[in-house]
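>>> Quick check, what structure comes out for this input:
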Amino acid sequence: MAKKAKPPANNRDAGGDGKETTAGYFRKIFLESPQLLNERSNNKLLKRWLADHPGQTEVPKSVKANLANLKSGLRSKQRSKVASRAQKKLPPGEQQKVATVPTGDTHLEMLEYQIDECLILAKSFDRDALESVISHLRRARNEVVWKIGK
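Here you go, the predicted model:
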């Protein structure tokens, strides 16, 4: 009896059953069209999702939340890359002077960054004891991201 082939363990775009995850779907779109990552509105992405998923008449909340989380995380990585490049340009003795700071143009993007930092801190203390705090912070961040997208 032949065993069923499993996807590689490091394939973060495939779920446990080998199907593409929601984050994997949107990650491919961002690779194809990086400018969509910096757009405020998610309307184009959500319309494309509906077009690619026949039979669906409305985008589920879980897909919207997943998109918001992915977009936030990718934007955060973008910011850290900018700071890293700036560090490398400095002379060796002064490299610690460049700090990673939010590069958002709006107050809402700065708020999103601060909520992300709070989430990281809460998770590093005690995930189990701060589970409700982490949940509230996630909801707050998602709402801020959606307000940015309007």
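>>> Name the helix or strand of the chain that has the lowest mean pLDDT.
Least confident helix or strand, the chain: helix 61-89 with a mean of 83, by mean pLDDT, DSSP states H and E.
>>> Mind giving me the packing neighbours of that one?
helix 22-32, helix 43-52, helix 107-126, helix 131-149 (3 or more CB pairs under 8 Å, 6 or more residues apart in numbering; DSSP states H and E). Where C-beta positions appear, they are placed from N, C-alpha and C, glycine not excepted.
>>> Can I get the third one in PDB? Just the C-alpha atoms.
The reference is to helix 107-126. C-alpha atoms of helix 107-126 as PDB (Å, rounded to 0.1, in the frame of the first residue of the first chain):
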ATOM      1  CA  HIS A 107      -1.500  58.400  12.400                       C
ATOM      2  CA  LEU A 108      -3.500  55.200  11.800                       C
ATOM      3  CA  GLU A 109      -0.400  53.500  10.400                       C
ATOM      4  CA  MET A 110       1.600  54.600  13.400                       C
ATOM      5  CA  LEU A 111      -1.100  53.300  15.700                       C
ATOM      6  CA  GLU A 112      -1.000  49.900  13.800                       C
ATOM      7  CA  TYR A 113       2.700  49.800  14.400                       C
ATOM      8  CA  GLN A 114       2.400  50.500  18.100                       C
ATOM      9  CA  ILE A 115      -0.400  47.800  18.500                       C
ATOM     10  CA  ASP A 116       1.900  45.300  16.700                       C
ATOM     11  CA  GLU A 117       4.700  46.200  19.200                       C
ATOM     12  CA  CYS A 118       2.300  45.700  22.100                       C
ATOM     13  CA  LEU A 119       1.200  42.300  20.700                       C
ATOM     14  CA  ILE A 120       4.800  41.200  20.400                       C
ATOM     15  CA  LEU A 121       5.500  42.300  24.000                       C
ATOM     16  CA  ALA A 122       2.300  40.600  25.400                       C
ATOM     17  CA  LYS A 123       3.200  37.300  23.600                       C
ATOM     18  CA  SER A 124       6.700  37.400  25.000                       C
ATOM     19  CA  PHE A 125       5.500  37.700  28.600                       C
ATOM     20  CA  ASP A 126       3.000  34.900  29.000                       C
END
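>>> Report the mean confidence score over that helix.
Averaging pLDDT along helix 107-126 gives 88.
>>> which strands and helices sit next to it?
Counting by 3+ CB pairs under 8 Å, 6+ apart, the packing neighbours recorded for helix 107-126 are helix 61-89, helix 131-149.
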